[in-house]
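Novice: Quick one, what's the 3D model for this:
(one chain, ligands or ions: 4)
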Amino acid sequence: MTSQPQPHQSFWHRLLDAKITRRSVLGTAAASAAAITLPVAFSDAQAAANNGAPIKADPTTLKPQTVAPFRPIDPTRADTLTLPAGYRFQVLAPWGETFTADGREMGFNHDFVGYFPVDMLEGGQSATDALLTINHEYVNPLFVGGNTKERTPAQIKKEMESVGVSVVRVSKEGQSWKVMPDARNRRIDAMTKIELTGPVRGTAPVKGATVVSGTVGNCSGGQTPWGTLLTCEENVDGYAKAWEGSGYEAMHQGWVTEIDPFDPDWMPKKRTAMGRFRHENAAVTLAQDGRVVVYMGDDMQDACIYKFISRGKYNPSNRAANRDLLAEGDLYVANFGNGSWVLLDYAQNKKLQEAKSSDGKPLFASQAEVLADARSSALAIGGTPVDRPEDIEIHPRTGEVYAALTNNSKHGNYFGHIIKFRENKDDFTALTFLWEVFAYGGPQSGFASPDNLVFDPYGNLWMVTDNSDLGTNPIKAYHGNNAMFFLPTEGPNAGEAYRFAVGPTDAEMTGPVFSPDGKTLFVSVQHPGEDSESLDKLTSNFAAAAGSKTPRPTLVAIEGFPGWTA
Ligand code: FEO
Ligand code: CA
Ligand code: CA
Ligand code: CA
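Specialist: Ligands and ions are numbered 1, 2, ... in the order given. I've put the predicted structure just below:
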């Protein structure tokens, strides 16, 4: 670490003095975008916004819009999705709906949504026709299978079929969206065959496995510039007990899994080079030299923020090669005490070689063991434990990296906050950075427990909250149900939070992503009615099917936005 260059104290101020309100590398990004032919025709800056989903507008030419395009709403405890005047929502792809040719149903508890324009591989950015990927984070046994006592093999099978990822074609006709038949519609669930790639493949920590079963705990994620999904396996430990007898192996979970929505024949890949931890998200961008950089959080109290840098470089005309880019690379952890990225490398780092457990045994004997327990490795080499990192996103105009630290009751951070950091010389491969707090949760700002983030191309941040103690915790009486907020990042209102949407009872909203024209906001409504005691005592009826009162997790399409305007 001492051999790494230290940031100059004046770096941040030099940038401000030069009045660089736009990211200096945007010029590079725009230039390289112009040089890109097919199959990907958007700049790395655009790729970084909107979860990596394409945006038609060019953030380098858009005028900043720092005022909310809506009249902010008040907190409410209503059991519906409440929106500002002029906005409306449509239930799309709810849990249980059949959507594949072979009769598979949409999974439970929708989370991250990837928007892949159906014409993306031909360079298009359709705003009305797409393959969506929907993460299904976990199940509530009360609703899925109906058995909350003892899990039968049938109940376990039902649950294993209800998690993972859905790939679903949707198109817009007039003002509404609908699910369309498509040969690529499919489920990737807890039993789908997935290949392990990278340094941990075939090694002891994964019991020698090269192909494993399934993906679970699919929380947030990201999209790559070559049109694949990165789905993040977050809470994976409870299933060994819940699904006893199913062959579930926890060490085969807890990775980032890459899925090609366009190619059902391509076996999904677990990217072990990106480490094993409670993967919340994957914010993908391209460095100036073409390497792929991915920012990731480990959502646990006192866990760390990571950065992965691919060994190979992105080649806009070789999609097949790009699909292998995340197999090999370097994993770094953030040290917020001195603004540095520290490499998790067993061969180079004596601290990893010498790390001991509390009973004096060596913690690691190989790079595979380091990556398979990235959290312990990171803490052993000076990674800073932070307050439950949830989503991370890259500002499309400045290149600053924003991270939601949702809360940490261990240190009295009950409301959470959002930080931002800026890589040295705006180079995503830099090993030093400066950081600051962007916004604090609490009654003074109106939000608590920030979770998923998404940027629009103006650089405004859209954020959803994830509190599980609303209605019971008096310190959160101000909050109403979990909500979605709009936060300008430039101008006099930077960091102020304006309430855009309030979710139904017991729900959180997850996975927001805009259509490329900015006219539709897709967002998941996860676990409405989660605290229901029984099917007779439901706390929510949100998105219930006709003739039923049982709430359904669902994707919603929110309309009423003007679209991106110059
Ligand atoms: Fe699944 Fe950390 O939220
Ligand atoms: Ca989350
Ligand atoms: Ca996001
Ligand atoms: Ca969460």
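
Novice: Show me what from the chain comes close to ligand 4.
Specialist: Counting by C-beta under 5 Å from the ion, the chain comes close to ligand 4 at 451, 466. Yep, even glycine has a C-beta here, placed from its N, CA and C like the rest.

Novice: Contact partners for Trp564?
Specialist: Contacts for Trp564 (C-beta atoms under 8 Å, 6 or more residues apart in numbering) come out as 55-57, 62, 456-458, 517-518.

Novice: helix/strand/coil for it?
Specialist: Following DSSP: H, G, I helix; E, B strand; the rest coil, Trp564 is assigned to coil.

Novice: Between all of the contacts of Trp564, which two are separated the most?
Specialist: Farthest-apart pair in the contacts of Trp564 is Tyr458 and Asp517; separation 14.0 Å (C-beta to C-beta).

Novice: who's more crowded, these two?
Specialist: Neighbour count, other C-beta atoms under 10 Å: between Tyr458 and Asp517, Tyr458 has more, with 22 against 17.

Novice: does that one really touch Asp58, like I thought?
Specialist: No - assessed by C-beta atoms under 8 Å, Tyr458 is found out of contact with Asp58, at 11.2 Å.

Novice: Check which strands are paired with the helix or strand where Asp330 lies and give the direction for each one.
Specialist: Of the helices and strands defined by DSSP states H and E, Asp330 is found in strand 329-335. Counting by DSSP bridges, the strands paired with strand 329-335 are strand 305-313 (antiparallel), strand 340-343 (antiparallel).

Novice: okay, those strands in JSON lines with distance to Val256 next?
Specialist: JSON lines is the format used below for the strands paired with strand 329-335 (distance: least, C-beta to C-beta, whole Å):
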{"stretch": "strand 305-313", "distance to Val256": "8"}
{"stretch": "strand 340-343", "distance to Val256": "18"}
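
Novice: how much space between the closest residue to Asn413 other than its chain neighbours and Ser377?
Specialist: What sits nearest to Asn413 in space, not counting adjacent residues and going by C-beta to C-beta, 6 or more residues apart in numbering, is Asp387, at 4.9 Å. In this view, Asp387 and Ser377 are 20 Å apart by C-beta to C-beta, to the nearest Å.

Novice: who's more crowded, these two?
Specialist: Each of Asp387 and Ser377 has its neighbours counted (other C-beta under 10 Å); Ser377 has more, 29 against 20.

Novice: residues near the closest residue to that one other than its chain neighbours, how many?
Specialist: Leaving aside its sequence neighbours, Ser377 sits nearest to Val370 (C-beta to C-beta, 6+ apart; 4.5 Å). Counted by other C-beta under 10 Å, the residues lying close to Val370 total 29.

Novice: where does Val370 fall, helix, sheet strand or coil?
Specialist: helix.

Novice: ok, now which ones touch it?
Specialist: By C-beta under 8 Å, 6+ apart, the residues touching Val370 are 344-346, 352, 364, 377.

Novice: can I get these in a markdown table with secondary structure and pLDDT?
Specialist: Below are the contacts of Val370 laid out as a markdown table (DSSP: H, G, I helix; E, B strand; the rest coil; pLDDT from 0 to 100):
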| residue | secondary structure | pLDDT |
| --- | --- | --- |
| Leu344 | coil | 98 |
| Asp345 | coil | 98 |
| Tyr346 | coil | 98 |
| Leu352 | helix | 98 |
| Phe364 | coil | 98 |
| Ser377 | helix | 98 |
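
Novice: Of the residues you listed, which is the most crowded?
Specialist: Within those, most neighbours by other C-beta under 10 Å means Ser377, with 29 neighbours.

Novice: quick one: pLDDT of Lys63?
Specialist: pLDDT for Lys63: 80.

Novice: Now for the residue nearest to it when sequence neighbours are not counted, how many residues are close by?
Specialist: Using C-beta to C-beta, 6+ apart and skipping the chain neighbours, the partner closest in space to Lys63 is Ala566 (6.2 Å). For Ala566, the number of neighbouring residues by other C-beta under 10 Å comes to 8.

Novice: which ones are touching Ala566?
Specialist: Ala566 sits next to 57, 61-63 when contact means C-beta under 8 Å, 6+ apart.

Novice: And Thr197, by the same measure?
Specialist: By C-beta under 8 Å, 6+ apart, Thr197 lies in contact with 269-273, 324, 326-327.

Novice: For it, give its distance to ligand 4.
Specialist: Between Thr197 and ligand 4 the computed distance is 27 Å (C-beta to the ion, to the nearest Å).
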